[in-house]
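Trainee: What follows is a predicted structure for the sequence shown.
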Amino acid sequence: RALAPPPERAGARPRKATGERRMSADDLKNQGNACLKAGDFDGAIAKYTEAIGVDGSNKVYYSNRSAAYLSKGDASAALADAEQCISLEKTWAKGHVRKGAALHGLKRYDEAFGAYQTGLKIAPGDAALTRGLEEVRRVRAEAEEAAARANNPMAKLFGPELLSRLAMHPKYRSWLADEGFMAKLRNLMADPASVMQSGMNDPQMMEILQFALGMGGASGPPGAEEESAAPEPPAKEPEPEPEPVRELTEEEKADQERIARAQEAKGRGNALYKKKDFAGALAAYDEAIAIDEREMLYVNNKATVYFEMGPDHFDEAIALCDAAVEVGRANRAPYASLAKPFVRKARIAKARGDYDEAKKQFMLAQRENRDKKVEREMKLMELERKEMARKAYISPELAQEAKARGNEKFRSGDYPGAIAEYEEAAKRDPQDAPIRNNLAAALQKVGDFQGALKAVKKAIELDDKYVKAWAKKGDLEFFSKEYHKALESYQQGLNIDETNALCRDGLQRVVTAINTSSGRDEERLAHAMADPEIQRLLNDPVVMQVIRDFQENPTAAQQAMQNPGMMAKINKLRAAGVLG
């Protein structure tokens, strides 16, 4: 139950109770306080939850429920309620106390420290916040010390365990009564490295060092008799007498027998359900309910059967889910059990295509019992919902209408308006390559060359035989001074249609720009060096040898250029501006 009950609608403030409802909520809170004092944490949580249902704007109810969750050992739920408490009133010190305590319980000590510090900025000197801060500081220091000791082999050897080992040893246990020895031993445990350096002349310390390091002590103190190294067998402690088994009352025996018969009927129902014998399964579950009406899961299992029987039985399944929750609340069912009918209702809503209702029911289930599987199911449902919405939006007819409006705006010089229409057309028909090409043209007009290039690449991806897209791609690369790429794009277009004027003129324009360029063009060179293909060519030892041969051995360079592949590589480097 890590989630606090949500407001009645998304974005709404929690309802405030007045008059009779306020009194009712306070009565529930007082009942929860009584349960908390008596150690009945589940009862306290239930009462505080009812109070929140009446008045979700009262920070005290969330604070008290946070305390109950923490007492129960559910620090995650305690943290959720503490954060809800703070969201209702950020300046209330107790909300920060609750948050710090919950984070402490989760062993997130740094965050707990921060939570208490935040609270002390709001309420300097607050006793509860100060105590919490000091306790976290102490526990954090102990945890850091323990971690350091765990990672330090010397600390492990000379830690408190050494005393236990010495006390169990038949020879060394008598040394522990010697105050002088104990003083040296304490120094050894506090600073092993120092004692190992300074205690080389102390036979007693040398023997203890050997023992600690697992090398074995050779002898006792001077004059002492050699003692047997065999450890004395530990005295066998008397086994505790078994506690007398309390005999069940006749009423308790009858109740156990009733539960067993109900479970047997449920088991038969489960087996029949797996065989798709829905009528038999329902009869078995009805038998279980008749035997033990206190168990909500029997009712929930019936709902599952009706769900499997198909849409015509969904209403019956929903009614049974609601009945299961009523039975569960009346008999204090576990939170995990209470969550199941809400999950079932969510799946029914999803099957009906009502994603808003499905999400609502999933959230109610998570409020009862947070479950990672349900959380994943919710995320998958949201992805499915978005994909269905996208597909439902597709309409080639409306796409052509939007494209026509975009063409009109483009011709009138309203390029932002044209972009909006083309983007709408692309959503309506994602597979139409000309729409993407028109979008690229409009984006180019407003100077968004990267966006235009992305759009035209998508057009080519959709239809690699679309010559206009290759021509547009070449134009964009030409304006970006990526002449080597523009050459390839225009040539791709001409390979599809050798008479295409756009590609033919574009190719001529690029060749002229390459041949007439002089000096070092930093922008062009920067684009080239960012191209992985150019980098690959410059790291090719054969290509680099040919480039050196142009300076050192022109004859060899000319021979290499007879190879069409090498000529294409050198021409690409020239087009990119890397070679003059």
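Mentor: Right, received. Where do you want to start?
Trainee: for I289, phi and psi?
Mentor: I289 adopts backbone torsions of phi -60, psi -40, taken as degrees, to the nearest 10.
Trainee: With P341 as the reference, measure out to it.
Mentor: 15 Å (Cβ to Cβ, to the nearest Å). Every C-beta, even on glycine, is put in place using the N, C-alpha and C of the backbone.
Trainee: same thing with V327?
Mentor: Here the distance between V327 and P341 works out to 10 Å (Cβ to Cβ).
Trainee: mind checking how far stretch 264-281 is from the chain centre?
Mentor: Computed by Cα atoms, centre = their mean, to the nearest Å, the separation of stretch 264-281 from the middle of its chain amounts to 38 Å.
Trainee: Can you give me the buried ones in that stretch?
Mentor: By neighbour count on 16 or more other Cβ atoms under 10 Å, the buried set for stretch 264-281 is A265, K266, R268, G269, L272, Y273, G280, A281.
Trainee: Now do the last one against R268, distance only.
Mentor: With distances taken as Cβ to Cβ, A281 is found 8 Å from R268.
Trainee: In the stretch 151-300 of the chain, where is pLDDT below threshold?
Mentor: 151-160, 163, 191-201, 214-246 (pLDDT under 70).
Trainee: let's see it at 80
Mentor: 151-174, 176-177, 179, 181, 183, 185-206, 208-248 (pLDDT under 80).
Trainee: For the helix or strand that contains M205, name the packing helices and strands.
Mentor: Assessed by DSSP states H and E, M205 sits inside helix 203-212. When contacts are defined as 3 or more Cβ pairs under 8 Å, 6 or more residues apart in numbering; DSSP states H and E, helix 203-212 sits against helix 160-168, helix 179-190, helix 192-198.
Trainee: please redo it, this time with the cut-off set to 10 Å
Mentor: helix 153-157, helix 160-168, helix 179-190, helix 192-198 (3 or more Cβ pairs under 10 Å, 6 or more residues apart in numbering; DSSP states H and E).
Trainee: For that helix, buried residues please.
Mentor: Here helix 203-212 shows Q204, M205, E207, I208, L209, F211, A212 as buried, counting by 16+ other Cβ under 10 Å.
Trainee: my guess is the fourth one meets M182, correct?
Mentor: No. Taking contact to mean Cβ atoms under 10 Å, the distance of 11.4 Å between I208 and M182 leaves them out of contact.
Trainee: Mutual contacts of those two, please.
Mentor: Common neighbours of I208 and M182 are listed as W175 (criterion: Cβ atoms under 10 Å, 6 or more residues apart in numbering).
Trainee: Run through the residues that contact the closest residue to V299 other than its chain neighbours.
Mentor: Distances taken as Cβ to Cβ, 6 or more residues apart in numbering place A324 nearest to V299, at 4.0 Å, with adjacent residues excluded. With contacts defined as Cβ under 10 Å, 6+ apart, A324 is in contact with 295-303, 333, 337-338, 340-342, 344.
Trainee: can we see that at 7 Å?
Mentor: M296, V299, N300, A303, P341 (Cβ atoms under 7 Å, 6 or more residues apart in numbering).
Trainee: Please, which helix or strand holds the third one?
Mentor: Which is N300. Going by DSSP H and E, N300 is in helix 296-308.
Trainee: Report all helices and strands that that helix contacts.
Mentor: helix 250-274, helix 278-291, helix 314-330, helix 335-351 (3 or more Cβ pairs under 7 Å, 6 or more residues apart in numbering; DSSP states H and E).
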